[in-house]
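Asker: sharing a model prediction with you, sequence too.
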Amino acid sequence: MPVHLIQGGYANTYLIEDRNSLVAVDVGTSAAADTIYNYLHEKPGTLPPLRMVTATHFHIDHVGGISRMVRLFPEVRVCFFTAVGDYLQRRKKIALFPLARWLKGLVPVLMAERNHLRNIAASLASDKVAIPLPLLRNLLPTRYSPECTLKEGHMLPYLPHWALIKTPGHTPDSICLYREDEGILISGDTILNMRGRGELNTFCTDSEKIKESFQKLLPLKVQTVYPGHGEPLYGIHGLANIVQWK
């Protein structure tokens, strides 16, 4: 199984298994980190060691549990897409969303989520970082030292079968991870599945950019989508067959 779904917060967390390594993607809460720890310790010797933690974009519900991960797995590397370095070095601020998009895009996603009380509790116990709100968006991690070195077109550490694809729109630093030979796309918050068939995210900092990103993804031979929110989509034959985006 190349991808393991871990549900421990508002966003989906994934463990990618590639050769002799595991990579955690989008560890959004401390509960997700604890779930990964328990998951791996329940399967001793059956899974390779965890080598790296990364994220599809720098938002609290995708990175809020990384400090906890580093405490649980002291040897793990934290590696982000290069654009995240602009936030961490304070060259750029985390992009804000227009109020209308908060109401149109975020509220339906939150209402469709299950286990609100558990998620709220997990979020309160997690890092208060990367919040896309005025005065709060400058909250940045201080308890680990990330490497902002991941690039499109370059081999990813511990993921020789995977490619990073830049997909700005939801945020300027959004990425997807794609495994061509298996037809797997980890879509982050670019493609969601809150309605049962998949949809392009309407909660965006730039609605035109996310449409351009979708056009970039369309030619890929995708059979499985692992979205940032909602259940995975299996047995599809290309994104054009599932994604509602107009």
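Answerer: Cool, the structure landed.

Asker: could you pull out the strands for the protein?
Answerer: 3-7, 12-18, 21-25, 50-54, 77-81, 147-150, 163-166, 175-179, 184-188, 191-192, 199-200, 224-227 (DSSP state E).

Asker: reformat the ones you listed as TSV; add distance to Ile66.
Answerer: C-beta here means a position set from N, CA and C on the backbone, and glycine is covered the same way. TSV is the format used below for the strands of the chain (distance: least, C-beta to C-beta, whole Å):
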stretch	distance to Ile66
strand 3-7	14
strand 12-18	11
strand 21-25	9
strand 50-54	6
strand 77-81	6
strand 147-150	12
strand 163-166	18
strand 175-179	16
strand 184-188	15
strand 191-192	22
strand 199-200	27
strand 224-227	19
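
Asker: and these, which is most packed in?
Answerer: For the strands of the chain, the stretch with the most neighbours on average is strand 191-192, a mean of 28; neighbours defined as mean count of other C-beta atoms under 10 Å.

Asker: parallel or antiparallel, list what pairs with that strand.
Answerer: Within its sheet, strand 191-192 is paired with strand 199-200 (antiparallel), according to DSSP bridges.

Asker: ok now stretch 225-244, how far from the chain's centre?
Answerer: Remark: stretch 225-244 is offset 15 Å from the chain centroid, using C-alpha atoms, centre = their mean, to the nearest Å.

Asker: just the CA atoms of it, as CSV, please.
Answerer: Below are the C-alpha coordinates for stretch 225-244, written out as CSV (Å, rounded to 0.1, in the frame of the first residue of the first chain):
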residue,chain,number,x,y,z
VAL,A,225,-7.0,11.1,-5.6
TYR,A,226,-6.1,11.6,-2.0
PRO,A,227,-7.6,15.1,-1.1
GLY,A,228,-6.9,17.4,1.7
HIS,A,229,-10.5,17.2,2.9
GLY,A,230,-13.0,14.4,2.2
GLU,A,231,-12.7,10.8,1.4
PRO,A,232,-10.2,9.4,-1.2
LEU,A,233,-11.5,8.9,-4.8
TYR,A,234,-10.6,5.5,-6.2
GLY,A,235,-10.9,3.9,-9.6
ILE,A,236,-11.2,7.1,-11.6
HIS,A,237,-9.9,7.6,-15.1
GLY,A,238,-8.5,11.1,-15.2
LEU,A,239,-9.5,14.2,-13.3
ALA,A,240,-11.9,15.4,-16.1
ASN,A,241,-14.2,12.6,-15.0
ILE,A,242,-14.6,13.7,-11.4
VAL,A,243,-13.7,17.3,-10.8
GLN,A,244,-16.5,19.9,-10.7
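
Asker: need the contact partners of that stretch.
Answerer: 3, 5, 10-12, 14, 26, 56, 62, 109, 112-113, 184-195, 197-200, 214, 217-218, 220-224 (C-beta atoms under 8 Å, 6 or more residues apart in numbering).
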